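Q: predicted model, plus sequence, below.
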Amino acid sequence: MIFLLGTCALGSLMPTVAEAGSDGRRVHVLHAFGGANDGMEPSSGLARDAQGNLYGVTDKGGAYNEGTAYKIAPDGSYRVLAAFGKHANGAAFPVFTPVVLTDGSLVGSATSTDRKEDVIYKISSGGRQSVLYRFASDGHLGSILKGLIADADGNLYGVTGWGGPSNCGAAFRLNTDGTADLIYAFKGGAGDGCHPNGPMTFDAAGNLYGVTDVGGEQYEGAVYKIAPGGAETVLYAFGSGNKVDDGYSPMGPVVLDAAGNLYGTTTTGHDGCRGGTVYEVAPDGTETVLYRFDGLGFSPQYPVGGVIVDADGNVYGTTMYGGGAWNGVAFKLLPHGRLRILHAFNLDEGAQTMSLIFGDNGSLLGVNEIGGDTVYGGTVFKINLR
C-alpha cells in the first residue's frame, strides 16, 4: 500500500549503501517462514541468549493456527519450540519479543485462548507451556499487555496500555512466586503520560524507562522514568512548549547509552506525516531530534521497531515502509546526523521490517513480518556490516 503524503516537510535524507559482506551479499535470510506448522508473520523482534541462539514468536500459523515460538541455533538450524493454542486455558497469538530466562525458558505476552484476557506465558526449554499470570479486564494492573523485561532474579516487569486505576495503563512487577505488584498507575493529562506503548528498559540502578502513546502538555506522548520505589517522572513530553519538530506517538522500547542518554522513535511527524523521527533524551530531559523521516514517496518511513546504539554512538534501526520496493529498510544513523541505508528489502528477503539486535562480528539480526518464500510468511535475517 502506498500512502500519498505530499504535505510532509522534507527531511535531510542523505542515504548511502553499506558495503556487502565477504560473500558479496548484504543480507542473509536465516529462515523463511512457510506457514502451516512452521508459523507465519513473526509479530516481534528477536531475543538472543549467551550461546548465540535466537528466539522469537509468530502470531499466526503453527499446529493450531494461533502462533508459534521458535529457536534458531548458531549453526542455522531452526525448530518450533511450541505451538500456541494447544491448551483450552492457555496462551494464543503472542505479541512482542519474548524474554529468555537464565534456565533457558521463554516468557512473553499473549492473548488467552478464549480471547477474554491477556496472559503472561512460559515455555520451558523442553517446550512445556504454562500461563504465569492472567490480566482481568477490570483488574488493578490494567489490560492490553505491552511486552516484558526481566531482572537478574527472574522477576518480570511490564506495562499495560489500558485499564488500571485511571484507565491509562500501569507498570507492574510479576514476582518469581507468581504474585504481582502494581508499580505505577499512569494518570494522563498535562503532567503525566497515558497508554504506555512498548516494553520498558532498565538502567544499572534499577530505574525503569519507557514511553506513552499520549499524555503530556500537548497530549502527544511522553518519555518517563520510574524509580525503584515507584516514583514516576516525565522526562520529556512531546510537543512541549509547542515544539513543532519532535514528532509524536512514540513507540517503545527506548534504549540507553553509557552516558544515560535515551534513544527512541516516534511513528509520526509533528505535522501529521507518517515519516516519524529518531530522537535522543538526555538525563536532564533535553530532547534532540536526530533525524526526521520525510514520509515522501519511497523514502524510509514509519520506524516502529525502536533503535539500538553501538559504543561509538551510531544508531541502528528499521522502517516498515520505504525503499525502492516499499518493503522497508535497515538504516544506520551516524553521530553527526547522516543517515546511511544499510539495506532496502526485496519481497523475497522479507518485507515490513520490525526491529534489530546486534549479532556476532558486527552483524545485525532482525525480522521481517511478511515476505520470503510466501507472501505472508516473513523472515529472520542477518545483515553483515564487515
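A: Alright, I've got the coordinates.

Q: tell me who's in contact with the nearest residue to residue 190 once chain neighbours are set aside.
A: Nearest residue to residue 190 in three dimensions, chain neighbours excluded: residue 217, at 5.1 Å (CB to CB, 6 or more residues apart in numbering). Where you see a C-beta, it was placed from the backbone N, CA and C, and this is true even at glycine. By CB atoms under 8 Å, 6 or more residues apart in numbering, the contact list for residue 217 reads 190, 237, 239-241.

Q: cool, residue 212 as well?
A: Residue 212 touches 168-169, 186, 193-197, 221-222, 224, 250, counting by CB under 8 Å, 6+ apart.

Q: distance to residue 368 and pLDDT for these - can I get that in CSV?
A: CSV is the format used below for those (distance: CB to CB, whole Å; pLDDT from 0 to 100):
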residue, distance to residue 368, pLDDT
168, 33, 95
169, 29, 96
186, 32, 97
193, 30, 95
194, 31, 96
195, 27, 96
196, 26, 97
197, 22, 94
221, 26, 94
222, 30, 95
224, 30, 97
250, 23, 94
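
Q: taking those residues one by one, which sit in strands?
A: 193-196, 222, 224, 250 (DSSP state E).

Q: make a PyMOL selection of the buried ones in those.
A: Applied in PyMOL, the following selects the buried portion of these according to 16 or more other CB atoms under 10 Å:
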select buried, resi 193+194+195+196+222+224+250
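
Q: let me know the pLDDT of the residue nearest to residue 190.
A: Residue 217 is assigned 82 on the pLDDT scale.

Q: do you know how far it is from residue 277?
A: As judged by CB to CB, to the nearest Å, residue 217 and residue 277 stand 18 Å apart.

Q: direction included, what does the helix or strand hosting residue 235 pair up with?
A: Using DSSP states H and E, the element containing residue 235 is strand 232-237. Using DSSP bridges, the strands paired with strand 232-237 are strand 222-226 (antiparallel).

Q: contact partners of the partner strand?
A: Strand 222-226 has contacts (CB under 8 Å, 6+ apart) with 171, 183-184, 192-193, 196, 200, 207-212, 215-216, 232-238, 250, 254, 262, 264, 281, 287.

Q: what subset of those residues is buried?
A: Using 16+ other CB under 10 Å as the burial test, these include 171, 183-184, 192-193, 196, 200, 207-212, 215-216, 232, 234-238, 250, 254, 262, 264, 281, 287 as buried.

Q: any weak-confidence spans in the chain?
A: For the chain, residues meeting the criterion pLDDT under 70 lie at 1-25, 137-138, 242, 244, 270-274.

Q: dead centre of it: give me the residue that sits there.
A: Nearest to the geometric centre of the chain sits residue 305, at 4.5 Å (CA atoms, centre = their mean).

Q: residue 117 is in contact with residue 90, correct?
A: No - counting by CB atoms under 8 Å, residue 117 is not a contact partner of residue 90; they are 12.0 Å apart.

Q: looking at the two, which is more packed in?
A: Counting neighbours by other CB atoms under 10 Å for residue 90 and for residue 117 shows that residue 90 has the greater number, 20 against 16.

Q: residue contacts, that one?
A: Going by CB under 8 Å, 6+ apart, residue 90 touches 84, 112-113, 119, 121, 129-131.
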